[in-house]
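K.L.:
give me a model of this one.
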Amino acid sequence: MEPKAGRLPTIHITGDSIPQAYYRAIKALWKNGATMRTQYDRKNETGEYIDPPSRDARVLIEITDPFAQPRFPPISFCEIGTYIAEIMGVKDNRVLPIAQLLPARDGEDLPSTAWPYSYHQRLTAHPELAQALVNELIQGICNIGDHSWDGESKESNAVFRALLNWAIAAERKNAHYCGDVDQIAMAIDCVSKTPYTRRAMCTTAVPNIDPFLKEDVPCLRELQLRCVEDEDGTLILNPSTTWRSRDLFKAWGDNVIGLTFLFNRIADTISERTNREVRVGSYADYSMSLHIYGQDFEKVQGDEGKGLAGFFATFPTEEDFIGRSLDSESAADMLVLPQLKKLRDDPNEIAQWQFGSDELQLINDIILGIEAGTFVC
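P.N.:
Next comes the predicted model:
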């Protein structure tokens, strides 16, 4: 039912597994979402819209058990193994240093191949504009090099020389500076000391950079870690995320699968810190704009004239959707491990993503973890 004009609807979905929550969200948004234009709707040469308006709503989705089987939805629009590696940080090397994002503040375009962020980089090495400005100051001091300070005393010359030496050392250390605030580590430390804390928060936002970017800015905005005890005294990690904007049909499922790998690693680290059993429990996922783009409507509702069955014809019920989903073992063998091994071993992939030894080691660690069962795929 189309919501009342002028109202952006709010939808609440609960599912016992990722596939069940995914299906229910698509069905609810398709039925109850507002009709809205987007910045990405295509137009023809005369400026008329080619695509119909999107379906859009504010949506809170709770998955009571993100590791319930089957867990991999039957639709995916990326190489999920590669995306998992990206969420775990393997492509952070492609992110521009914060100093190279500064031209965006003056309206300049970034290189077309530039990555202004990755989720993992923002969560584990959050960039600070202040550091970039300090680096500029350092570079300026270094540029005067062997010039003498025209101070009136030996003391002022000594201060200048000490400052110059410090600047040279700092410039070398921070030559490729992207950031150094590991919010995930801080949140883990916080929740390990006080499991019920509400302060174990991470943000991807960089307010003095992001609003100036013409390129895409992070959709994922915040992550919170909270732990509650079950009846056996086991710590249950209940993560929550907030999202600025989200493509439900083509991105939501892959996002959630990737994030649960990160949640699993976080739970293991909390367990090591607390010497207690910790597992991932209920996950809450709130999107301020969850949408299905108009250009994807044929894929959702089908088109008899073109012979397209569409999502709801292919999966008439959530049981059909869940029944065609993959369990972890099947997904690992068919999708995740082959894609990860290609990423690790294919010279073209290594060259394309400019992987060094650290990145290749991370991919190998994920592969070994899945194969050994320490990573729950």
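K.L.:
low-confidence bits of the protein, can you list those?
P.N.:
Applying pLDDT under 70 to the chain flags residues 1-2, 128-179.
K.L.:
can you list the domains in it?
P.N.:
The record assigns the chain these domain ranges, following automatic domain parsing: 10-127+178-341, 129-173.
K.L.:
please, where are all the strands along the protein?
P.N.:
Ranges of strands within the chain are 10-15, 34-36, 54-63, 201-203, 220-224, 227-229, 235-237, 240-243, 246-247, 278-280, 283-292, based on DSSP state E.
K.L.:
I figured residue 366 hits residue 85, correct?
P.N.:
Yes: the pair residue 366 / residue 85 is scored as a contact, 6.2 Å apart, by CB atoms under 8 Å. For the C-beta atoms, the positions are set from N, CA and C on the backbone; glycine is no exception.
K.L.:
what is in contact with those two at once?
P.N.:
Common contacts of residue 366 and residue 85 (CB atoms under 8 Å, 6 or more residues apart in numbering): residue 340.
K.L.:
tell me who's in contact with residue 49.
P.N.:
Applying CB under 8 Å, 6+ apart, the residues near residue 49 are 37, 41-43.
K.L.:
out of the residues you listed, who's nearest residue 306?
P.N.:
residue 42 (17.4 Å; CB to CB).
K.L.:
test my guess that that closest one contacts residue 295.
P.N.:
Yes: with contact defined as CB under 8 Å, residue 42 counts as touching residue 295 (6.4 Å).
K.L.:
how about the residue nearest to residue 343 when sequence neighbours are not counted, what does it touch?
P.N.:
Leaving aside its sequence neighbours, residue 343 sits nearest to residue 349 (CB to CB, 6 or more residues apart in numbering; 5.1 Å). Neighbouring residues of residue 349 by CB under 8 Å, 6+ apart: 342-343, 355.
K.L.:
same thing with residue 86?
P.N.:
118, 120, 258.
K.L.:
give me the buried subset of the residues you listed.
P.N.:
118, 120, 258 (16 or more other CB atoms under 10 Å).
K.L.:
could you tell me which of the residues you listed belong to helices?
P.N.:
Those of the buried ones among the contacts of residue 86 mapping onto helices are 120, 258, per DSSP state H.
K.L.:
any idea what residue 290 is bridged to?
P.N.:
Applying DSSP bridges to residue 290 gives these bridge partners: residue 57, residue 246.
K.L.:
can you count the residues close to it?
P.N.:
28 (other CB atoms under 10 Å).
K.L.:
look up how far residue 58 lies from it.
P.N.:
7 Å (CB to CB, to the nearest Å).
K.L.:
what is in contact with the two at once?
P.N.:
By CB under 8 Å, 6+ apart, the residues touching both residue 290 and residue 58 are residue 11.
K.L.:
related to what we said a few turns ago, as TSV, the contacts of residue 349 with neighbour count and distance to residue 222 would be great.
P.N.:
What follows is the contacts of residue 349, written out as TSV (neighbours: other CB atoms under 10 Å; distance: CB to CB, whole Å):
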residue	neighbour count	distance to residue 222
342	15	33
343	25	29
355	20	29
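K.L.:
would you list those residues in JSON lines and tack on distance to residue 9?
P.N.:
Below are the contacts of residue 349 laid out as JSON lines (distance: CB to CB, whole Å):
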{"residue": "342", "distance to residue 9": "42"}
{"residue": "343", "distance to residue 9": "40"}
{"residue": "355", "distance to residue 9": "44"}
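K.L.:
which of those fall in helices?
P.N.:
342-343.
K.L.:
what's the closest of the contacts of residue 349 to residue 98?
P.N.:
Residue 98 has its nearest neighbour among the contacts of residue 349 in residue 355, at 22.1 Å by CB to CB.
K.L.:
that closest one and residue 93 touch, don't they?
P.N.:
Yes: if you go by CB under 8 Å, residue 355 and residue 93 touch, sitting 7.4 Å apart.
K.L.:
returning to that earlier point: return the most buried member of the domains of the chain.
P.N.:
Most buried of the domains of the chain by mean neighbour count (mean count of other CB atoms under 10 Å) is domain 10-127+178-341; its value is a mean of 18.
K.L.:
follow-up on the earlier one: dump the strands of the chain into CSV; add distance to residue 190 as well.
P.N.:
Below are the strands of the chain laid out as CSV (distance: least, CB to CB, whole Å):
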stretch, distance to residue 190
strand 10-15, 28
strand 34-36, 38
strand 54-63, 23
strand 201-203, 9
strand 220-224, 10
strand 227-229, 11
strand 235-237, 13
strand 240-243, 15
strand 246-247, 27
strand 278-280, 14
strand 283-292, 19
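K.L.:
anything in contact with each of residue 42 and residue 295?
P.N.:
Joint contacts of residue 42 and residue 295 (CB under 8 Å, 6+ apart) are 50-51.
K.L.:
among the domains of the chain, which is nearest residue 371?
P.N.:
Using CB to CB, these put domain 10-127+178-341 closest to residue 371, at 7.3 Å.
K.L.:
spit out the contact partners of residue 221.
P.N.:
203-205, 241-244.
K.L.:
could those be laid out in a markdown table, adding distance to residue 28?
P.N.:
Formatted as a markdown table, these follow (distance: CB to CB, whole Å):
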| residue | distance to residue 28 |
| --- | --- |
| 203 | 28 |
| 204 | 26 |
| 205 | 28 |
| 241 | 19 |
| 242 | 19 |
| 243 | 17 |
| 244 | 20 |
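K.L.:
between those residues, which is nearest residue 313?
P.N.:
residue 243 (28.8 Å).
K.L.:
I'd guessed residue 225 sits against residue 187; true?
P.N.:
Yes: Residue 225 is in contact with residue 187 according to CB under 8 Å; the separation is 5.0 Å.
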